[in-house]
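Trainee: when you get a sec, could you give me coordinates for this:
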Amino acid sequence: MIKIGILGGAGYTGGELFRLLINHPEAEIVFVNSESNAGNLIAEVHEGLLGETDMRFTSETPFDAVDVLFFCFGHGKSATFLKEHTIPAHVKIIDLAQDFRLEAPENDYVYGLPEINNARIARSVHVANPGCFATCIQLALLPAAKMQLIRSDVAVNAITGSTGAGQSTSATTHFSWRNNNLSIYKPFTHQHVPEIVQSLRQVQGFLEASIDFIPYRGDFARGIFATSVLHTHADIDTITKGYKEFYKNAAFTHYTDRAIDLKQVVNTNKALVHCDKYGDRLLVTSCIDNLLKGAVGQAVQNMNIMFGIDEAAGLRLKASAF
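Mentor: This next block holds a predicted model:
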């Protein structure tokens, strides 16, 4: 059994991660750390777990007792935590924050997008889990990059559920504000754009175009639906063949010839991708569950790869749609 520690376990990602791992056939949760909830029952904070567990949060961090740590901190806190604590060299780390997503000589974190880095993840000790918007948008564009089709600016619009903003309340997450409402935020400057560019450059070999990304806050709890538009003279048959070839061995990302709906992926680790051609414009639609394929589902997928077990272990989930 893979022995697991979870740090920052009181937020949405911590609760979803626990939900997956208590049903994982090869995982054993040793501790869930939360300074603010130490001593409280996990099921009292994550109420969807009532009847599933009697574990409690702890302020302790017994690193020597685990094989892997999941960092579910807010952005910027992982790097600070590592400066203040010594993690045993044998303990693997999967960081769900953005601290190490941009690969750099000063750290050994591998960018954890299995569709392009599976072999590197399998050899790694430290993995930086991709961002939710970044995952959805990259999976839409990476096959096009492989075919070297991204030669001009790409227009991207994507809408996310309220859970993408985290569990702490703010002016834009209250139900009375979010209900029956839409708004944009961080146009062209969203923090996930650099990691999208990093992956596209990795696959295409170059990227001189910009990713013009407009994020939307959606009137729903979970999921991301994205549309990406790029210009190319390649015909749709060549494009769809390239997309299917790119994802033929992917465990959770699927190209479909039919138009997609968000509810097909909510509560799953799946990503769905579909292409349409209008003149010289290629429209790519993609969707994921922001908390699963966009966060902890992908983190568990990365853990499976790192430990050499079935990539889909603990992640065979049915969409909530019916």
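
Trainee: neighbours of the closest residue to Asn40 other than its chain neighbours, how many?
Mentor: For Asn40, ignoring the flanking residues on the chain, the nearest one in space by Cβ to Cβ, 6 or more residues apart in numbering is Phe57 at 5.4 Å. Every C-beta, even on glycine, is put in place using the N, C-alpha and C of the backbone. Around Phe57 there are 23 other residues, counting by other Cβ atoms under 10 Å.

Trainee: what distance do you get for Phe57 to Gly39?
Mentor: Using Cβ to Cβ, to the nearest Å, Phe57 is found at 7 Å from Gly39.

Trainee: same thing with Ala144?
Mentor: Distance, Ala144 to Gly39, using Cβ to Cβ: 51 Å.

Trainee: out of these two, which sits in the more crowded spot?
Mentor: Ala144 (25 against 9).

Trainee: quickly find the element holding that one.
Mentor: helix 132-146 (DSSP states H and E).

Trainee: what's stretch 50-62 in contact with?
Mentor: 5, 7, 9-10, 18-19, 22, 29-35, 37-43, 45, 85 (Cβ atoms under 8 Å, 6 or more residues apart in numbering).

Trainee: from what I can see Thr253 touches Asn269, true?
Mentor: No - look at Thr253 against Asn269 with Cβ atoms under 8 Å: they stay out of range, at 9.6 Å.

Trainee: re the thing from before, packing partners of the helix holding Ala144?
Mentor: Packing partners of helix 132-146 (3 or more Cβ pairs under 8 Å, 6 or more residues apart in numbering; DSSP states H and E): helix 114-123, strand 154-160, helix 193-204, strand 211-217, strand 224-231, helix 236-246, strand 271-278, strand 281-288.

Trainee: show me the shaky parts of the stretch 51-200 of the chain.
Mentor: Applying pLDDT under 70 to the stretch 51-200 of the chain flags residues 164-171, 173-174.

Trainee: still on that earlier bit, can you say which of the helices and strands packed on helix 132-146 is nearest to Leu102?
Mentor: helix 193-204 (5.8 Å; Cβ to Cβ).

Trainee: packing partners of the closest one?
Mentor: strand 110-111, helix 114-123, helix 132-146, strand 211-217.

Trainee: give me every residue that touches the nearest residue to Gly297 once chain neighbours are set aside.
Mentor: Of all residues not flanking Gly297 in the chain, Asn269 sits nearest, at 3.5 Å (Cβ to Cβ, 6+ apart). Counting by Cβ under 8 Å, 6+ apart, Asn269 makes contact with 252, 289, 292-293, 297-298, 300-301, 315, 317.

Trainee: which among the residues you listed end up buried?
Mentor: 252, 289, 292-293, 297-298, 300-301, 315, 317 (16 or more other Cβ atoms under 10 Å).

Trainee: distance check, the residue of the chain most remote from its centre against Ile239.
Mentor: Distance from the C-alpha centroid of the chain, by Cα atoms, centre = their mean, peaks at Gly279 (32.5 Å). Computed as Cβ to Cβ, the Gly279 to Ile239 distance reads 14 Å.
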